[in-house]
Structures are given as structure tokens and as C-alpha cells.
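*Asks:* got a predicted structure here, sequence first:
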Amino acid sequence: MKLATFIAPGETAAQAGEVRGDEIVAFTTGTILDRLQSGDRTPADGQSFALTDVQLLEPVPRPPAIFCIGRNYAAHIAELGSEKPEKPLVFLKLPLSSVPPSDSTRYASAEAVATARAANGCTAGCFQPRPPTIPCGGQWSSRL
């Protein structure tokens, strides 16, 4: 079952639905998070829409946490030129990392990053242009 949150044509409110091929069928009540928390696997039985006619949103808007598994399939391991891990590599992403399929990730300007780091007591040596996290002024700060 593929779950999605969407806005139907002519509507403004988000709805939960089940993707079936080239269409999405609305659930009559609740959100995707409600369904995940309850374990309800009942198929959607509401109105259906063509996927091309709806606006897809994040599956779970404003998720409480995003758990990720790294190097979990052969193509990704080959792409990275690394070995298969002995154990799953689990890491977290910030909830604001979630964006709708049609949206793009926004990055802060280098000036904004430098200003924020200076305000947190980070020296010039702290700045590195790639993610994950680094300690700055005794606090953990996400690299942008």
C-alpha cells in the first residue's frame, strides 16, 4: 500500500490517500500519520483522482522525526564505492528535511551561515561545506 497526502483539484484542504497505479483514492477520514499510528491497513474507499490532477504533499506533513537507513541497496553501495555494512546504518534527518515531491530543498546563503555560526561562537575553522553536524560554541549545529 502506497500512502500519500494530497490536495484534490478545486480543494484547499489536504487529504490522505492510497496511490494505486496512476490514480490516488482518498481515505474518508484521518491523516497518513493517523493510519500509521493505528496500524489500520483498510484500503481507501473514497473519491479517486488521477495523480496528474492532484498536488502531492509530504506523505506526513511536519513529521516528528525522519529515520534513514544508509547503504541499504546494492546500487547505492556501488555508487559510493564502498562495502556492504555488517549492520544497518541508521541516521536521522531533521523534520524540516521533508519536502513535497514537486518542491525543492532550500539552502541558506554562505553569508547567512557565517552570520549564524558567528552568533553561536563558531570560529572560521568550523565551516565546512558538506552536511552532517559539527559542534559550534558548545552546541551541535547542522551544517548548511
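*Replies:* Great, that's in hand. Residues are numbered from 1 along each chain as shown.
*Asks:* so residue 13 touches residue 6, yeah?
*Replies:* No - using C-beta atoms under 8 Å, residue 13 is not in contact with residue 6; the gap is 10.4 Å. For the C-beta atoms, the positions are set from N, CA and C on the backbone; glycine is no exception.
*Asks:* neighbour count winner among these two?
*Replies:* residue 6 (21 against 6; other C-beta atoms under 10 Å).
*Asks:* just give me the neighbour total for the closest residue to the more buried one other than its chain neighbours.
*Replies:* Counting by C-beta to C-beta, 6 or more residues apart in numbering, residue 54 is the residue found nearest to residue 6 once chain neighbours are left out, at 4.3 Å. When neighbours are defined as other C-beta under 10 Å, residue 54 has 21 of them.
*Asks:* so what's residue 54 up against?
*Replies:* 6, 7, 8, 9, 24 (C-beta atoms under 8 Å, 6 or more residues apart in numbering).
*Asks:* for residue 20, same thing?
*Replies:* Here residue 20 is in contact with 2, 48 (criterion: C-beta under 8 Å, 6+ apart).
*Asks:* just grab the bridge partners of it for me.
*Replies:* residue 23 (DSSP bridges).
*Asks:* just the pLDDT for it.
*Replies:* Looking at residue 20, its pLDDT is 96.
*Asks:* any idea how far the residue nearest the centre of the chain is from residue 87?
*Replies:* The centre of the chain sits closest to residue 98, judged by C-alpha atoms, centre = their mean, with a distance of 2.8 Å. As judged by C-beta to C-beta, to the nearest Å, residue 98 and residue 87 stand 26 Å apart.
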